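>>> Sharing a model prediction with you, sequence too.
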Amino acid sequence: MLPPLVFGLLLLGSWEAVTATGAVSAFFLPAPGTVAQAFVDAVAHGSLLDYTWQTVLESLAGSALGIAAAVPLGYLMARSTIAARALQPYLAASQAVPAVALAPLLAIWVGYGLLPIAILCALLVFFPMLVNTMLGLRELDPEVLNAARVDGVGHWGMLRHIEFPLALPSVLAGVRTGCTLSITGAVVGEFVMGGEGLGQLLAVQRGQADSTGLFVSLLTLTLLAAGTYGAVRLVELRVDR
C-alpha cells in the first residue's frame, strides 16, 4: 500500500511543480488543484454523475454478457479435449483482431445505443474470463475430484460443491480483469457509436479543447476503474478466507 501511495504523491508533486513554474502552459497541462476543483464542481452539478452512470450501465451490461458466454464455454473446453482442440485455434486467431476495431461493424450491424456498446464490452470481457475459467478448472487437484467420484458425487454435485468453489478464485481474477477492460470498451464504443457516457463527454471536451474537462473525465475513469478493481478484489479476499 505504501509504495503506490508514495509514487502517487511524487507524481502529484512533480505535476504541481511543473505547472507552478509555468514550464508548461495551463492550456496543455492544468494544475492539479484546478482539476480537483473542476471535478468537485462537476460532481456537485450532477452532470458528471449522469455521464458516469451511463458508462457504468454499459460496462455492467457488457460484463454480464461476456461472463455469461465465457464461463460455460470455459467449462466445456476444460472438461472436453475435443471441444478444446476444435475451438482453441479460432479463439487464438480472434485475438489478432482488437475487439475495439469491431466497433464500426457493430454500429452497422446493430445500430447505436446501449446494445452495441454492451456487445463491444462483452467482447473485451470474454477472453480473459474464458482463459481464467479454463485455468481454474484445469488446475484442480485430480485426487480431490477422483475421491469425490468414488464417494458417489454426481455431475451437478461435483460442479456445485467442488469444481465451482475451488475454481472461483481464478474465475474472480478473470472478472477483475474483464470488468476493468469493459470500462475501456464502453468509452471506445461511445466514441464510435455515440452514447451519453464519459466517452461522449470526452469527445465533446476534445472538440472544445477543454483540457481541464478532459483531465476531469480521465480522473473519473481512473477512479471508476480503480473502484471496480477494488470491489472485485475485496470479493476475492473474502472468498480466499
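All right, it came through fine. Computed from a predicted structure; not experimentally measured. Numbers count the residues shown, from 1 in each chain.
>>> what bits of the chain have low per-residue confidence?
Counting by pLDDT under 70, the chain contains low-confidence residues at 1-2.
>>> Pretty sure Leu48 sits against Val216.
Yes: counting by Cβ atoms under 8 Å, Leu48 does reach Val216; the two are 7.2 Å apart. C-beta coordinates here come from the backbone N, C-alpha and C atoms, glycine included.
>>> what do those two both touch?
Taking Cβ atoms under 8 Å, 6 or more residues apart in numbering as the contact criterion, the common neighbours of Leu48 and Val216 are 39, 42.
>>> and these two? which has more neighbours close in?
Neighbours were tallied for Leu48 and for Val216 using other Cβ atoms under 10 Å; the higher tally belongs to Val216 (26 against 22).
>>> so that one sits right up against Ala42, yeah?
Yes: Val216 is in contact with Ala42 according to Cβ under 8 Å; the separation is 5.7 Å.
>>> between these two, what contacts are shared?
Where contact means Cβ under 8 Å, 6+ apart, the residues bridging Val216 and Ala42 through contact with each are Leu48.
>>> Grab the most central residue of this protein for me.
Compute the mean C-alpha point of the chain, and by Cα atoms, centre = their mean the closest residue is Thr180, 2.0 Å away.
>>> what sits against that one?
Under the criterion of Cβ under 8 Å, 6+ apart, the neighbours of Thr180 are 225, 228-229.
>>> Within the helices and strands, which one has it?
With the criterion set as DSSP states H and E, the secondary-structure element containing Thr180 is helix 164-193.
>>> With Val153 instead?
Applying DSSP H and E as the criterion places Val153 outside every helix and strand.
>>> Quick check: the gap between it and His161.
Between Val153 and His161 the distance is 7 Å, computed by Cβ to Cβ, to the nearest Å.
>>> and the two? which has more neighbours close in?
Taking other Cβ under 10 Å, Val153 and His161 do not tie; Val153 has more neighbours (16 against 12).
>>> Pull the contacting residues for that one.
With contacts defined as Cβ under 8 Å, 6+ apart, the neighbours of Val153 are 161-162.
>>> If you tally nearby residues, what's the number for the closest residue to Gln95 other than its chain neighbours?
The spatial neighbour of Gln95 that comes closest, neighbours along the chain excluded (Cβ to Cβ, 6 or more residues apart in numbering), is Phe127 at 6.5 Å. Phe127: 20 surrounding residues under other Cβ under 10 Å.
>>> Leu49 in helix, strand or coil?
Using DSSP: H, G, I helix; E, B strand; the rest coil as the criterion, the local structure at Leu49 reads helix.
>>> Just to check, it is in contact with Val56?
No: applying Cβ under 8 Å, one finds Leu49 not in contact with Val56, separated by 10.0 Å.
>>> higher neighbour count, the two?
Using other Cβ under 10 Å as the criterion, Leu49 and Val56 rank with Val56 on top: 18 against 13.
>>> ok so, going back, verify the contact between the residue nearest to Gln95 and Val97 for me.
No: in this structure, Phe127 sits apart from Val97 without contact. The criterion is Cβ under 8 Å, and the distance is 11.5 Å.
>>> roughly how far is stretch 57-73 from the heart of the chain?
With Cα atoms, centre = their mean, to the nearest Å as the basis, the distance from the averaged C-alpha position of stretch 57-73 to the chain average is 11 Å.
>>> For it, give me every contacting residue.
With Cβ under 8 Å, 6+ apart as the criterion, stretch 57-73 contacts 87, 114, 117-127, 129-130, 133, 171, 174-175, 178-179, 182-183, 185-186, 189-190, 195, 197, 228.
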